[in-house]
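Visitor: Quick one: sequence and predicted model below, then my questions.
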Amino acid sequence: MRLVLLGAPGSGKGTQAARLKQHLQVPHISTGDLLRAEVAAGSPLGVQAKEIMARGDLVSDDILLGMLEDRFSRPDTANGFILDGYPRNLAQAAALDGLLQRIGQPMDAAVQLEVDNELLIERLAGRAKAEGRSDDNPESVRKRLEVYDAQTAPVIEFYRQHGQLTTVDGVGTLDEVFTRIIEAIAPVREVG
Ligand code: AP5
Ligand code: MG
């Protein structure tokens, strides 16, 4: 199963991907997590990305595509993956499409988690207290939501036009949202 999770910052992509990974037995690929690992390791890429991420802007498409190609070259993606945090603009969506076609593994489904901005801000404020992620401060959250609306929201349309999009209500308990996602992808799982 090759699945991409779409949704604004705080919509629950990472939370649900962790559960889906167990359920579908495929790896969870989060470009945010990959970048945070580079930052933590102090690699040249991490040094470059650190400030950009902290203020809530997007890291360059070239860096992201390189990271993704590298990740897809690992054997654990042979049976599929859950992608979280990529693509984040139309150029990335086209690049991913090309990459997956080249390796003969087209996307099966795109699931959009829908949550209104007020609740997103509340969730991220909660995580700021619990985890202290460098981009969960109010100013960076505002920026991330702006970047999402301007650059990432068009990606939803991209997958809709490709007939791969299902939209899921992301408000509710973790179990409720999980069940909705499983129901949303059931038709494609039967085919695949
Ligand atoms: P990334 O790590 O992808 O962050 P994000 O998209 O801003 O999303 P979050 O991780 O904040 O939210 P989420 O949807 O995963 O929600 P979560 O499950 O954590 O990217 C970070 C940065 O890296 C970017 O800003 C950019 O700089 C860079 N980057 C990454 N990818 C890139 C790319 N492709 N191109 C360029 N740059 C890139 O949940 C959030 C909180 O809500 C948690 O505390 C959780 O416990 C809680 N929660 C979740 N679900 C529920 C629920 N149902 N009820 C109550 N609380 C809930
Ligand atoms: Mg996340």
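Guide: Received, thanks. Only a predicted model underlies this, so the values are computations on that prediction, with no experimental measurement involved. Ligands and ions are numbered 1, 2, ... in the order given.

Visitor: ok, now which ones touch P154?
Guide: 89-90 (Cβ atoms under 8 Å, 6 or more residues apart in numbering). For the C-beta atoms, the positions are set from N, CA and C on the backbone; glycine is no exception.

Visitor: Then the one 10 residues further on?
Guide: Counting by Cβ under 8 Å, 6+ apart, Q164 makes contact with 107-110.

Visitor: For the residue found closest to it once you drop the neighbours it is linked to in the chain, give its distance to ligand 1.
Guide: Nearest residue to Q164, sequence neighbours excluded (Cβ to Cβ, 6 or more residues apart in numbering): A110, at 4.8 Å. According to Cβ to the nearest ligand atom, to the nearest Å, A110 and ligand 1 sit 14 Å apart.

Visitor: same thing with L6?
Guide: Applying Cβ to the nearest ligand atom, the value for L6 to ligand 1 is 9 Å.

Visitor: so what's that residue closest to, chain neighbours aside?
Guide: Q112 (4.4 Å).

Visitor: check which helix or strand covers the one you found.
Guide: Taking DSSP states H and E as the criterion, Q112 maps to strand 109-114.

Visitor: Contacts for the very next helix or strand once past that strand next, please.
Guide: Remark: after strand 109-114, the chain's next helix or strand is helix 117-131, criterion DSSP H and E. Residues from elsewhere that reach helix 117-131 (Cβ under 8 Å, 6+ apart): 8-11, 115, 133, 136-138, 141, 145, 171.

Visitor: do stretch 34-44 as well
Guide: With Cβ under 8 Å, 6+ apart, stretch 34-44 has contacts from 45-47, 49-50, 53, 59, 67, 71.
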